[in-house]
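J.: quick one: sequence plus predicted model below, questions after.
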Amino acid sequence: MGVELLRIVDAIHRDKKIDKGIVLRGIESALSSAARKHYKLDDTAGIEISIDEKSGDISAIIDGKRVAPEELGRIAAQTAKQVIIQKIREAEQDVLFEEYQGRVGTLVNGIVQRFEGPTVIINLGKTEGVLPRSEQIYSESYQPGDRLRLYILDVRRVGSKTRIVLSRTDSRLVQLLFQLEIPEIAEKIIAIKSIAREAGYRSKVAVQSFDSKVDCVGACVGVRGSRIKSIVEELNGEKIDIVRWSDAPREFVCESLKPAKVDQTYLDEETETATVVVDDSQLSLAIGRRGQNVRLASRLSGWEIEIVSKAQLAERAVEGVAELAAIPEIGEELAGHLYREGFESLQDLADAGEQALAGIAAIGPEKALEIMARLRQMAEEYARSSEGAGDEDGAEEDADSTDGESPGSGALETGSAPVQAAEDAGGSGDADEESKTGPAAQ
C-alpha cells in the first residue's frame, strides 16, 4: 500500500509540478478529516496521522489509540479522496500563481477558447487567461481557435483560483514585439526610449542607437520593411511610426511629428509647450486624423504641441500687432518690434511689468512708465464697464427681461481684460520675466 501511495504522489509531482511534501501533507490532512467524520469526533479529539516519505506507510493515532488505516472504512476513504483532490487543486493554483506572477510584463502565446460576455477566455496551455473588453483592440474580432500574442498585464488570486489578465492594447506589447523581431534591440545595440500608442490605430516608437555604424530606424524597419511588417501583421495592420530619439527637445519634437515635415519649432520650457510651424500643405498631415498624429507626438515627446501653418502664424502676427498698436503710446512700428521681441498681446506687457519693459532699448524707462499707466487706465475703465454691465443686468432681471446682451459686455473688447494684471501689479515693475521663446520672439 505504501509503495502504491508513493507512486501516486510521484505521478502527481511529475504531472502537476507540485512538491511531493505538499501532496503528502494534503493526504494527511484529508485522512484526519475522514477519521474525524468516521468516528464522529469533535474538534477537541486528538488525531495524528502521518505518512512516511520513504516507505509510504501510514500511521494513525486517534484519541491516543493506534488505528489501522483500513479501519476508516469505505466512506472515510471516499471523503479522504475528495479532500485530496481539493488539496491538489489548491496546490495547482499555488503553482500557477507563482509561475505566472513571475511572468507579468512578458509575452505569452494563447488560443481563443470561448467567450464570457464581452470577455475572451484564452487557452494558455496549462491554464486559462482572460482578455477583458478594455484590453481588446477595437478593430479585432476574435473567433475560437484564433492564435494570439498577448501581454501578461496582471496575475492575482480570486478566491482559490488564479486570474491571469491579458492585454492586446498595452504599449509594452509593442515594445516586446520589437524585442522579438529586431535582434539589435535584444542585443541592446538599439534602445526603445519611449512609445505612444492608440491601439488599433497608430503607434509611435522612439529609438536610439548606441553604435554609430547602426542606423536605428533602418534596423527597425528592415530590408524592404521586412521586420516592421511582421509586427504590423501581428497587430492586424496597426500603423507604426519609427522615429529617431534625441535629447534635444526641439529636434525630438520635430521627429515625433513624422511623417509631417516641420519648418520651425518654438519652445516654452517653463510650460513645456511647443509651437510648431508647418507649411500649409503639411498642416493636415501634422495634425493627423482627428488630431491623432499631434496627440501621439505630444505623448511621445512629453511636450504639449500646438500646430500652426505659416498662414495662421502670419494672421496671428497681424492680430497681435494690432492689439499692441491699439495703445497710443506704442503705435504700429513699436508694436511690430515688441511682437518680434515675444510680446504677443497686452497680457504679455502687463505680465512683464515696468522694469522689464524699461529694459527694452526701443522703449526705455519713460515710455515704459507711460505704457503701464495706460494699461492701468484701461483696466480701470474695463472694471467700471463691467460693474455697469452688472447693474444693468440686475435691472433687466428685475424687469423680467431675458433678451439681448448686457450693454457693458462688449466694452474694450481688445486687450481690456488682460490688462487687469497691470492694475494688480500696480506698475511696480517687480516682474522678472525671462526672454520669451515663442514664435514672436524668433
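T.: It's in. What you see is a predicted model, and the numbers here were worked out from it, not measured in a lab.
J.: and this protein, what are its domains?
T.: Domain ranges of the chain: 2-90, 107-167, 177-245, 326-441, per automatic domain parsing.
J.: the stretch 201-350 of the chain: helices as residue ranges?
T.: For the stretch 201-350 of the chain, applying DSSP state H, counting those that start in this stretch gives helices covering 216-221, 226-234, 249-256, 283-287, 292-301, 310-325, 331-340, 346-358.
J.: packing partners of the shortest one?
T.: Read that as helix 283-287. When contacts are defined as 3 or more Cβ pairs under 8 Å, 6 or more residues apart in numbering; DSSP states H and E, helix 283-287 packs onto helix 292-301, strand 304-309. The C-beta positions use only the backbone N, C-alpha and C, and glycine is treated the same way.
J.: and the longest one, which residues are buried?
T.: Put plainly, it is helix 292-301. Applying a neighbour-count criterion of 16 or more other Cβ atoms under 10 Å, the buried positions in helix 292-301 are 293-301.
J.: could you list every helix and strand that it packs against?
T.: The helices and strands touching helix 292-301, judged by 3+ Cβ pairs under 8 Å, 6+ apart, are strand 190-198, strand 202-209, helix 249-256, helix 283-287, strand 304-309.
J.: so the closest residue in space to Arg147 that isn't next to it in sequence is in which element?
T.: In this structure, Arg147 finds its nearest non-sequential neighbour in Ile111, 5.6 Å apart by Cβ to Cβ, 6 or more residues apart in numbering. Per DSSP states H and E, Ile111 falls inside strand 107-116.
J.: if we can go back for a sec, can I get the helices and strands packed on helix 292-301 in TSV with distance to Glu233 and mean pLDDT?
T.: Shown next, in TSV, are these (distance: least, Cβ to Cβ, whole Å; pLDDT from 0 to 100):
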stretch	distance to Glu233	mean pLDDT
strand 190-198	17	96
strand 202-209	14	96
helix 249-256	25	94
helix 283-287	25	92
strand 304-309	30	91
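J.: any chance of those in TSV, with distance to Glu332 and mean neighbour count too?
T.: Putting these into TSV (distance: least, Cβ to Cβ, whole Å; neighbours: other Cβ atoms under 10 Å) gives the following:
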stretch	distance to Glu332	mean neighbour count
strand 190-198	44	20
strand 202-209	43	21
helix 249-256	32	21
helix 283-287	29	18
strand 304-309	23	18
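J.: show the backbone phi and psi for Ile62.
T.: When read as degrees, to the nearest 10, the backbone of Ile62 gives phi -120, psi 120.
J.: show me what contacts it?
T.: Taking Cβ atoms under 8 Å, 6 or more residues apart in numbering, we find Ile62 in contact with 35, 39, 41, 45-48.
J.: pick out the most distant pair among those.
T.: The span of the contacts of Ile62, defined through Cβ to Cβ, is set by Tyr39 and Glu48 at 13.5 Å.
J.: avg pLDDT for stretch 368-377?
T.: Across stretch 368-377, pLDDT averages out at 83.
J.: got the CA positions of it in PDB?
T.: Coordinates of each C-alpha in stretch 368-377 appear next as PDB, following Å, rounded to 0.1, in the frame of the first residue of the first chain:
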ATOM      1  CA  ALA A 368       7.600 102.000 -20.000                       C
ATOM      2  CA  LEU A 369       6.000 104.200 -17.300                       C
ATOM      3  CA  GLU A 370       3.600 105.700 -19.900                       C
ATOM      4  CA  ILE A 371       2.600 102.200 -21.200                       C
ATOM      5  CA  MET A 372       2.000 100.800 -17.700                       C
ATOM      6  CA  ALA A 373      -0.100 103.900 -16.800                       C
ATOM      7  CA  ARG A 374      -2.200 103.400 -20.000                       C
ATOM      8  CA  LEU A 375      -2.700  99.700 -19.100                       C
ATOM      9  CA  ARG A 376      -3.800 100.600 -15.600                       C
ATOM     10  CA  GLN A 377      -6.200 103.100 -17.100                       C
END
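J.: all set now, cheers.
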